[in-house]
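A.B. asks: fold the following and give me the result.
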Amino acid sequence: MGKKRKLFCEISPTTYAIALQKQIVTRHIKDLMGKERFARQIADEKLPVVVYSSSNHMIKRGPGIDPQLQLNKADNIRLACSHINGVIINPGETFSFWKLVGKTSKRNGFAEGRVIVNGKLVAGVGGGLCNLANTINLLVMHSPMTITELHHHSDALAPDPGGVRVPYSAGTSVNYNFVDYRFRNDTQQPVQVCAWCEGDELITELRTTQEFPTTYRLVEEGHCFRQEADGHFYRVSKIYRETFDRSTGQLLDRHLQWNNHSKVMFDPSLIPAEQLK
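C.D. replies: Numbering: from 1, shown residues only. As a prediction, this is how the structure comes out:
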């Protein structure tokens with residue numbers, strides 16, 4: 001069997017940079033030609049009603065995890081939050097992660113954190129912002145917002161803290177600017193994304209002017225880890241999104257949101273024995 005031919009972007013670092021720039025320019029042109037109205041308004045005052053809030057510890061520790069890259073990741077998230085915090089998404093507008101955060105360059109203050117390239121965790125400028133994008137996605141999943149762009153990557157980057165599994169706690173990929181996270185406000189009222197850091201804690205809120213008539217819940221079923229024929233370990237599960245009528249509590253919809261099959265990217269010896277199948 002012949003050797004698999006390399007893609008242009010895989011030939012060398014130079015060809016990778018060329019391919020990357022092509023993707024960036026293509027996305028800029030697509031946005032210029034498109035009809036989306038992007039949210040730009042940043043408000044100092046918070047909207048009165050919290051739709052959903054979330055917090056998580058930004059620093060991961062464990063075998064094979066570079067502590068400096070973790071500290072850099074936290075700094076990157078703090079910087080990105082300063083561009084997002086308080087943004088108002090009016091009816092009909094689209095939230096774009098990269099339209100607000102901008103280019104992740106050293107010139108813009110970003111440092112090297114962990115990024116995924118060709119299925120491997122490596123150091124890269126702006127690394128760690130997937131954590132922020134995913135946390136915002138967790139807010140949106142608990143609202144009637146319409147997700148218009150979402151890219152998955154492995155959500156098994158590190159062991160679950162304290163062994164507690166939170167559905168959709170990770171797994172949303174962003175890469176300037178063509179791998180974006182976007183949602184559109186198709187309701188009749190504005191929403192606001194608030195994101196800030198207190199110490200090493202990332203705190204996020206989705207706010208609005210009055211309660212929506214529906215509430216939401218994420219349910220994970222069949223969660224386990226297993227070793228497959230390629231020798232690698234994978235996290236597998238099915239994650240459902242349930243929609244309820246706020247006034248009656250009646251279940252209105254149950255939708256399979258993610259049929260999860262994520263490659264484990266930490267030391268598999270750290271997988272709890274009871275979660276191995």
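
A.B. asks: and the residue nearest to Y176 when sequence neighbours are not counted, what element?
C.D. replies: Sequence neighbours aside, T104 is the residue nearest to Y176 in space, at 5.1 Å (criterion: CB to CB, 6 or more residues apart in numbering). No exception for glycine: its C-beta is placed from N, CA and C like everyone else's. Following DSSP states H and E, there is no helix or strand that holds T104.

A.B. asks: was I right about T104 contacting G128?
C.D. replies: No. Counting by CB atoms under 8 Å, T104 stays clear of G128, with 9.9 Å between them.

A.B. asks: joint contacts of those two?
C.D. replies: Counting by CB atoms under 8 Å, 6 or more residues apart in numbering, the shared contacts of T104 and G128 are N76.

A.B. asks: contact partners of stretch 30-41?
C.D. replies: Contacts to stretch 30-41, defined as CB under 8 Å, 6+ apart, come from residues V87, I88, I89, N90, G92, E93, T94, F95, S96, K99, L100, R184.

A.B. asks: which ones among those are found in helices?
C.D. replies: Those of the contacts of stretch 30-41 mapping onto helices are K99, L100, per DSSP state H.

A.B. asks: from the contacts of stretch 30-41, pick the one nearest D230.
C.D. replies: Nearest to D230 out of the contacts of stretch 30-41 is S96 (CB to CB; 35.7 Å).

A.B. asks: about what we covered before: put together TSV for the contacts of stretch 30-41, with pLDDT and distance to F225 on each row.
C.D. replies: What follows is the contacts of stretch 30-41, written out as TSV (pLDDT from 0 to 100; distance: CB to CB, whole Å):
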residue	pLDDT	distance to F225
V87	98	37
I88	98	41
I89	98	37
N90	98	43
G92	98	42
E93	98	40
T94	98	36
F95	98	33
S96	98	34
K99	97	37
L100	98	35
R184	98	35
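
A.B. asks: got a ChimeraX select line for the buried ones in the contacts of stretch 30-41?
C.D. replies: To isolate the buried members of the contacts of stretch 30-41 in ChimeraX, using 16 or more other CB atoms under 10 Å:
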select :87,88,89,93,94,95,96,99,100,184
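
A.B. asks: which single one of the contacts of stretch 30-41 is nearest to V140?
C.D. replies: Using CB to CB, the contacts of stretch 30-41 come closest to V140 at F95, 8.3 Å.

A.B. asks: against G86, how distant is the closest one?
C.D. replies: 12 Å (CB to CB, to the nearest Å).

A.B. asks: which residues are common contacts for these two?
C.D. replies: V193.

A.B. asks: would you mind measuring the gap between the ends of stretch 122-137?
C.D. replies: 24 Å (CA to CA, to the nearest Å).
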